[in-house]
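# Any chance you can model this:
(one chain, ligands or ions: 2)
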Amino acid sequence: MKVLGIETSCDETGIAIYDDQQGLLADALYSQISLHADYGGVVPELASRDHVRRIIPLIKQVMKQAECSPEDIAGIAYTAGPGLMGALMVGAAVGRALAWTWKCPSIGVHHMEGHLLAPMLEKNKPTFPFLALLVSGGHTLLVDVPAIGQYKIIGESLDDAVGEAFDKTAKMLGLGYPGGPVISKLASAYQAKNGKISQYKFPRPMVNRPGLDMSFSGLKTYVLNTWTESDQSEQTKAEIAYAFQEAVVDTLTIKCKRALKETGHKQLVIAGGVSANQQLRSRLNELAQTTPLEVFYPQAQFCTDNGAMIAYAGLQRLKAGEHDGDGFETTPRWNLGDLNPI
Ligand code: KG4
Ligand code: ZN
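Ligands and ions are numbered 1, 2, ... in the order given. The predicted model follows:
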């Protein structure tokens, strides 16, 4: 069964074809980063217009790459939310129109279910049940996952998402958009040169309170104040990037440890754009060396937004008999915990 996946929830047009026998057959991505870079963040109207421009050529490209004709496609999965309304509507409209012409079912997929299942695209994949840490530009969630489609949110950020904190911090330091990769690069360079020594130690928010919720907006303000009062040299900028990343990674590691203890899970999935962060990965891998734990994450290209994770998640739901009705729905806000179990 081959499913065409369409991702257009934010600033990446991602298209892929996933086959339940052969795995991923084709995957293509157009990133709008350069389009939004001058504005320091995603401009929704520009994002929608660019998805319109890119989507058909990318679909043609993956169909060719996978050597598929329309009759080979058993279903079409598109991101139905959460995300930017206009951007979501491009993928949904094209996906549904194609399904109608190609006489196959379509399904609207939850973007974060796509991220959560992205490690399933790898050879070494987790088995249910597991704990998932979902860290993206819009979400920071700790999810207890007993089975596919059953997502119990046990912790979340009360304000900024982790990726958002990276992006805002990078903007304050004049490092451009998106912030995660630049901060991470600067922090690694700092550590390579200076070791793990820094005059700055930023707060680890909410770690001294019980529970699994998180907060990152105060940390961002702390960074801003530190930067404003500093000499604003390049060395200081790198040191602040390092100290910021340390604070975030420490906080996430502490919360994961706590959630693993609470749930008793021995497998941890990390997914979403921030799961590409090497420091976060190595800290969680270190944890796995001292406790009975296995950590799973997608390869770098499937940490950030992509069509493959949407094709995979859509295929699971289509296989279970789910598909769209005649109503057309895209949902900018959509709680992962509200999904139907498969
Ligand atoms: O999952 P994603 O592509 O889009 C959303 O669903 O939001 O995540 C994008 C976020 C951005 O905030 C970006 O700065 C962050 O992921 N990100 C990273 C890294 N790569 C991307 N954050 C930290 N370290 C990275 N290496
Ligand atoms: Zn995403």
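
# Distance of the residue in the chain sticking out farthest from the centre relative to Ile183?
Within the chain, Asp231 marks the point farthest from the mean C-alpha position, 34.7 Å out by C-alpha atoms, centre = their mean. Asp231 sits 19 Å away from Ile183, going by C-beta to C-beta, to the nearest Å. Glycine gets a C-beta too; all of them are placed from N, C-alpha and C.

# before we move on, what about Gln22?
Counting by C-beta to C-beta, the gap from Gln22 to Ile183 is 38 Å.

# cool, Phe166 as well?
6 Å.

# quick one, which of those two is more surrounded?
Phe166 (30 against 26; other C-beta atoms under 10 Å).

# who touches the more buried one in this structure?
Pro178, Gly179, Gly180, Ile183, Val248, Val274 (C-beta atoms under 8 Å, 6 or more residues apart in numbering).

# Can you tell me which of those residues lies closest to ligand 1?
Set against ligand 1, the nearest of these by C-beta to the nearest ligand atom is Gly180 (2.0 Å).

# Could you point out the longest helix of this structure?
helix 234-263 (DSSP state H).

# where do the helices sit along the stretch 201-342 of the chain?
Per DSSP state H, counting those that start in this stretch, the stretch 201-342 of the chain carries helices over the ranges 217-229, 234-263, 278-290, 307-319.

# likewise the stretch 51-200 of the chain?
Under DSSP H, counting those that start in this stretch, the stretch 51-200 of the chain gives helices at 85-101, 111-117, 162-172, 179-194.

# closest to ligand 2 out of these?
helix 111-117 (5.5 Å; C-beta to the ion).

# what's next to that closest one, contact-wise?
7, 9, 79, 81-83, 132, 134, 136, 139, 141, 143, 145, 148-149, 151, 269, 271-272, 305, 309-310, 312-313, 316, 336, 339.

# Okay, buried residues for it please.
His111, Met112, Glu113, Gly114, His115, Leu116, Leu117 (16 or more other C-beta atoms under 10 Å).

# Need the pLDDT of the first one.
Meaning His111. Looking at His111, its pLDDT is 98.

# helices or strands next to the worst-scoring helix or strand of the chain on mean pLDDT in the packing?
Every helix and strand in the chain was compared by mean pLDDT, DSSP states H and E; the lowest is helix 33-37, with a mean of 94. Counting contacts by 3 or more C-beta pairs under 8 Å, 6 or more residues apart in numbering; DSSP states H and E, helix 33-37 is packed against helix 44-65.

# what's the helix it packs on packed up against?
strand 2-7, strand 12-19, strand 23-31, helix 33-37, helix 85-101.

# partners of the third one in the sheet?
The reference is to strand 23-31. Note on strand 23-31: by DSSP bridges, its sheet partners are strand 12-19 (antiparallel).

# Pull the distance from the partner strand to the chain's centre.
15 Å (C-alpha atoms, centre = their mean, to the nearest Å).

# what angle do it and helix 307-319 make?
If you take axes from the mean of the first three to the mean of the last three C-alpha atoms, to 10 degrees, strand 12-19 sits at 50 degrees to helix 307-319.

# could you give the angle of strand 12-19 to helix 44-65?
Using the same axes, to 10 degrees: strand 12-19 against helix 44-65 is 30 degrees.

# Compute the distance between the residue of the stretch 1-150 of the chain found nearest ligand 2 and Lys60, please.
The stretch 1-150 of the chain approaches ligand 2 most closely through Ser136 (4.4 Å), counting by C-beta to the ion. Distance of Ser136 to Lys60, computed by C-beta to C-beta: 28 Å.
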